[in-house]
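K.L.:
Below is the sequence, then the predicted model.
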Amino acid sequence: MPRETMDREIRELKDEILMLGSMVEKNISDAMVSLKTRNVQLSLEVLQADNNVNQKRFDIESAALLVIATQQPMAHDLRLLAAILEVAGELERIGDYAKGNAKINTLLEYAVHEVPLLELEAMSEAAASMLHRAVIAFVKEDEKEARDIPLEDDRVDEMYKSIYRKLVECMIQKPQTIDHTNFYMWAAHNLERTADRVSNICERTIFVVTGELTELTHNDEDMS
C-alpha cells in the first residue's frame, strides 16, 4: 500500500507541475501580446495571474515535502521529488520574467516604432516553446528531449543579440527614445533569461533519470 500511495502522490505532483508550466506559458504569451498591442488591461491581468503562479509553486513545494517526510522515498523517487522542488522554483522565476514584461507595458507612455517587435515576438514564441517541451520532458522523464531542447538556447541568444543591436541603433538615431527603448531591451533580456531557466529544468530531468548533475549551457557569454 505505501508504494501505491507514493506512486499516486508523485503522479499528482507531476500533474501540478504540468499545470504550473501551463500557467507560466500563458503568462509569457499574454505579456508579449500586451506589449505588442499596448494592451495595459492584459498586462494587469498577467500581473494578477502571477500571484496564482506563486501560490501554485508554494502548494507544490508543500506537497512534495510532505511526501518526502511521510513516505521516506529512496533513490529515483527521492531524486524526482527533489527535482520537483527545483523545477517548481524555476517555473516561478520564469513567471517573474513574464510579469516583468507585462509591467514594462504599463510603464511605457508611447510606442517606439523602430523597436523590432516582430523579432521580440518570435523570441517570446521560441522561449515559450522550449518551456512547453521541457516541462513535458520532465514529467515523462525523457532524457533525450531534455538534452536536445537546450541546444535551441543558442538560437534564442542570437535573436537577443540581434534585437539588442537594433535597439542600440534606435537609441543612437533618436536619443529622445532612449528611456522607452531601454524598456524593450529589458523585455528581450527577460526572454533570454527564460530560455536559460528552461535549460535548468532540462538539467533536472537528466538528474532524475541518470542521477548525474549535468551542465547544459552551450554559451560561455553571460548576459545577465
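P.N.:
Thanks, I have the structure now. The structure displayed is predicted, hence computed values, not measured ones.
K.L.:
Could you list every helix and strand in contact with the helix or strand hosting Ala134?
P.N.:
Here Ala134 is covered by helix 117-140, with elements defined by DSSP states H and E. Where contact means 3 or more CB pairs under 8 Å, 6 or more residues apart in numbering; DSSP states H and E, helix 117-140 is packed against helix 2-37, helix 75-107, helix 143-148, helix 153-173, helix 178-210. No exception for glycine: its C-beta is placed from N, CA and C like everyone else's.
K.L.:
If we use 6 Å, what do you get?
P.N.:
helix 2-37, helix 153-173, helix 178-210 (3 or more CB pairs under 6 Å, 6 or more residues apart in numbering; DSSP states H and E).
K.L.:
Which one, of those, ends up nearest to Ala146?
P.N.:
Among the helices and strands packed on helix 117-140, helix 178-210 comes nearest to Ala146, with 3.8 Å by CB to CB.
K.L.:
Where does the prediction get shaky in this protein?
P.N.:
Across the chain, the ranges flagged by pLDDT under 70 are 1, 217-224.
K.L.:
switch to 90 and redo it
P.N.:
Applying pLDDT under 90 to the chain flags the ranges 1-6, 71-72, 109-115, 177, 179-180, 212-224.
K.L.:
any idea which of the helices and strands packed on helix 117-140 is most buried?
P.N.:
Ranked by mean neighbour count, those are led by helix 178-210 with a mean of 21 (mean count of other CB atoms under 10 Å).
K.L.:
now the angle from that one to helix 153-173?
P.N.:
Helix 178-210 runs at 170 degrees relative to helix 153-173, counting by axes from the mean of the first three to the mean of the last three CA atoms, to 10 degrees.
K.L.:
Give me the helices and strands touching helix 178-210, please.
P.N.:
For helix 178-210, the packing partners by 3+ CB pairs under 6 Å, 6+ apart come out as helix 75-107, helix 117-140, helix 143-148, helix 153-173.
K.L.:
Let's have these in CSV, adding distance to Gly211.
P.N.:
Listed next are the helices and strands packed on helix 178-210 as CSV, based on distance: least, CB to CB, whole Å:
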stretch, distance to Gly211
helix 75-107, 6
helix 117-140, 15
helix 143-148, 11
helix 153-173, 24
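K.L.:
Of these, which is nearest Val208?
P.N.:
Closest of the helices and strands packed on helix 178-210 to Val208 is helix 75-107, at 4.9 Å (criterion: CB to CB).
K.L.:
mind listing what's buried in that closest one?
P.N.:
Within helix 75-107, the residues that count as buried by 16 or more other CB atoms under 10 Å are 77, 79-85, 87-88, 90-105.
K.L.:
Tell me who's in contact with the most centrally placed residue in the chain.
P.N.:
When CA atoms, centre = their mean is applied to the chain, the residue found nearest the centroid is Ile94 (3.4 Å). Taking CB atoms under 6 Å, 6 or more residues apart in numbering, we find Ile94 in contact with Val24, Thr194, Arg197.
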